[in-house]
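>>> Pasting a predicted model and its sequence here:
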Amino acid sequence: MKALTQRLAEVRAEIDERLAVLTEPPDDHRAKTYRALNYTALAGGKRVRPLLFYCACEVCGGDPRRFIDVACAIELVHTASLVLDDLPAMDDASLRRGRPTVHTVYDEAAAILAAVGGLMQAFELIAACGAIRGRRGLSAKLSLELSRAVGRDGMIAGQQLDLDATGSRLGMEELEFIHAAKTGVLFIATARMGALCAGARDFELEALEAYAKNLGLAFQIADDLLDVTASAEELGKDVGKDVAKPTFAHLFGLEASRAVAHELVETSQAALGLLRRDTTVLSQLAAFVLERRR
Ligand code: IPE
Ligand code: IPE
Ligand code: MG
Ligand code: MG
Ligand code: MG
């Protein structure tokens, strides 16, 4: 895991530094919404999605640092989704990234506005990225990937179904669909966006998409397992939030769920075999999904 640890630390440092600039509260009437987003954007997220973006770009021969604002855009979308996910009307969480949730420190309205502001800023960043502007059609392609992933056919749908399924028992297929929509599609879009920035060929896009699809699903199953097996201190977020939710852990038990996640990680790693450059970090990232305690 040494390659992963090192690369993740490098990417995290770069992203943290850039996000600090991008979300810095101005000294005027706009300060509140900036502060509310900055508060959680810099609270110590793992930066798994930016790392995936970087690696996908590199493995297709690109230089991801030129597109750092695209990686930040994805992380902002993810962060905004967490702010919304934690609201009283949704998961009603009190702890996120080791800190009290945004709506408990500010208020619900400020949290909603900060999240929507972060979502908007993401698309502004893509439109304004200098390295993209010179590449015909790339800006539109990236916006399309990201908006589809988080829109009503993607994360929004997944989050709505997740809430509506509270208290009910679902089958494996329905549960997989919810996981894929609320979490998996953003992983897929992230990998594809990294590849598109590198000018990837079709076989590279396809391999990365298969990798990310399985990775995202494994990531959410692992997240559901951690809700049952980890402490709030370890996770930096509330635990036991999913008691009434149909999760893999509840429907199939811990062992069987771990086995499913393990299988997904192996399938994800196998897809990397289709690529021609070094995929060590991506392979270790998939393994990390099963090992993580945060
Ligand atoms: C949490 O994502 C939400 C899920 C999709 C399970 P992460 O575990 O990547 O959260 P951060 O960004 O590290 O806080
Ligand atoms: C949330 O899933 C996925 C999102 C789209 C934010 P969870 O509700 O399980 O995420 P956590 O456990 O609160 O991070
Ligand atoms: Mg949720
Ligand atoms: Mg939640
Ligand atoms: Mg969870």
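Thanks, I have it. Not measured: the values here are computed from a predicted model. Ligands and ions are numbered 1, 2, ... in the order given.

>>> C-alpha from now on. contacts and neighbour counts both.
Will do.

>>> Near ligand 2, which residues of the stretch 51-200 of the chain are found?
Ser81, Leu82, Asp85, Met155, Lys182, Thr183 (C-alpha under 6 Å from any ligand atom).

>>> give me that answer again for 5 Å
Within the stretch 51-200 of the chain, the residues that sit near ligand 2 (C-alpha under 5 Å from any ligand atom) are Ser81, Leu82, Lys182.

>>> Nearest spatial neighbour of the first one, chain-adjacent residues omitted?
The shortest distance from Ser81 to any residue that is not its chain neighbour, by C-alpha to C-alpha, 6 or more residues apart in numbering, is 7.1 Å, and that residue is Ala115.

>>> my guess is that neighbour contacts Ala80, does it?
Yes: between Ala115 and Ala80 there is a contact under C-alpha atoms under 8 Å: 4.3 Å.

>>> Report the separation between the residue nearest to Ser81 and Val289.
26 Å (C-alpha to C-alpha, to the nearest Å).

>>> on that earlier part again, show me what counts as buried in the helix or strand that contains the residue nearest to Ser81.
Using DSSP states H and E, the element containing Ala115 is helix 108-128. Going by neighbour count (16 or more other C-alpha atoms under 10 Å), the buried part of helix 108-128 is 108, 110-119, 121-123, 125-127.

>>> and the helix ranked longest in the chain, what does it pack onto?
Longest helix in the chain, counting residues (DSSP state H): helix 202-229. Other elements packing on helix 202-229 under the criterion 3 or more C-alpha pairs under 8 Å, 6 or more residues apart in numbering; DSSP states H and E are helix 172-179, helix 185-197, helix 248-252, helix 254-271, helix 280-291.

>>> And the helices in the stretch 1-150 of the chain, which stretches?
Per DSSP state H, counting those that start in this stretch, the stretch 1-150 of the chain carries helices over the ranges 2-22, 31-41, 48-59, 68-85, 102-105, 108-128, 130-133, 138-150.

>>> Buried residues in the fifth one, which are they?
In other words, helix 102-105. Val102, His103.

>>> Could you shift the numbering so residue one becomes 871, and keep it that way?
OK, 871 is where the count begins now, so the last one is helix 972-975.

>>> What is it packed up against?
Against helix 972-975 (3+ C-alpha pairs under 8 Å, 6+ apart) you get helix 901-911, helix 978-998.

>>> out of those helices, which comes closest to Leu1045?
When the helices and strands packed on helix 972-975 are compared by C-alpha to C-alpha, helix 978-998 sits nearest Leu1045, at 26.2 Å.

>>> packing partners for the closest one?
helix 901-911, helix 938-955, helix 972-975, helix 1008-1020.

>>> ok, now with 6 Å
Under the contact criterion of 3 or more C-alpha pairs under 6 Å, 6 or more residues apart in numbering; DSSP states H and E, helix 978-998 touches helix 901-911, helix 938-955.

>>> among those, which is nearest ligand 1?
helix 938-955 (6.6 Å; C-alpha to the nearest ligand atom).

>>> And that closest one, how far out from the chain middle?
7 Å (C-alpha atoms, centre = their mean, to the nearest Å).
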